[in-house]
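Participant: Below is the sequence, then the predicted model.
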Amino acid sequence: MSGSHEAVFLVHDDQTVTIRGERFRKYLTAETLAQRTRELGQQIAADYGDEKPILIGVLNGAFIFLADLMREIQIDCEVDFLKLSSYGASKITSGKVTELKAVDADITGRHLIVVEDIVDTGLSMQFLIERLSKENPASIRVATLLHKAEATRVDVPLDYVGFRIRNLFVVGYGLDYGQVGRNLADIYILEDQMDPGNAPEKGPITPR
Ligand code: IMP
Ligand code: MG
């Protein structure tokens, strides 16, 4: 029997899930995520007015956050995607970033909002801001659902931050563990990292 048919994803109960033999516990509920996404979307709408920004979603992880965020940005806006190399099945970053898919839109002279699921070391964000800048957009801002501030090694401006979290491995709501778990509606962390000192806090929003 092929290993690819093994059960890697098991929903236990309302609070716990096991993925690839590791137990995860609910950390940010769908309701909390929706509430915060609404706050970010309303600020983005207020900041851009009739400038018709293009949301640039970073595949794969950002697709669920982007879909929810875009519906909270109730002004004229567009969407496009790019894809960077990922971590593979590991829980730690390799530190190497490459572009696997470029944006299709003509972004020259346009206002861009890069939408990420999470900024960890910041290397992906640094790479893609440099890459997008070469096309001379009118502006680039960044919206990220999560920021591991203590893990960030490079200086990247993050304008709309959903939550700041400690250096925790998270899964769900688009974020994966070896491609598994993206379809969980809530965000989970490893059970043994569940600690009052690891509680998420709202991140900063910098109005434009
Ligand atoms: P960075 O380049 O180290 O900032 O990594 C950013 C990318 O790594 C994100 O877009 C995610 O796809 C992935 N990533 C970082 N931390 C996690 C995590 O805790 N769970 C799942 N994916 C993560
Ligand atoms: Mg990502």
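Facilitator: Yes, it's here. Ligands and ions are numbered 1, 2, ... in the order given.

Participant: Could you use CA atoms for every contact and neighbour count after this?
Facilitator: Noted.

Participant: CA-only coordinates of stretch 115-123 in CSV, if you can.
Facilitator: Taking Å, rounded to 0.1, in the frame of the first residue of the first chain, the C-alpha atoms of stretch 115-123 are listed here in CSV:
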residue,chain,number,x,y,z
VAL,A,115,-1.3,39.9,1.0
GLU,A,116,0.5,37.2,3.0
ASP,A,117,-0.7,34.6,5.5
ILE,A,118,2.4,35.0,7.7
VAL,A,119,5.7,36.8,7.9
ASP,A,120,8.3,34.7,9.7
THR,A,121,11.9,35.5,8.9
GLY,A,122,10.7,38.1,6.4
LEU,A,123,12.9,36.7,3.6
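
Participant: Please see if that stretch touches ligand 1.
Facilitator: Yes: under the criterion of CA under 6 Å from any ligand atom, ligand 1 is reached by stretch 115-123 at E116, D117, I118, V119, D120, T121, G122, L123.

Participant: Name the residues that touch that stretch?
Facilitator: For stretch 115-123, contacts defined as CA atoms under 8 Å, 6 or more residues apart in numbering pick out 55-58, 61-62, 65-66, 93, 95, 97, 125, 142-149, 151-156, 174-175.

Participant: Stretch 197-208 now?
Facilitator: For stretch 197-208, contacts defined as CA under 8 Å, 6+ apart pick out 28, 40, 43, 47, 146-147, 159-166.
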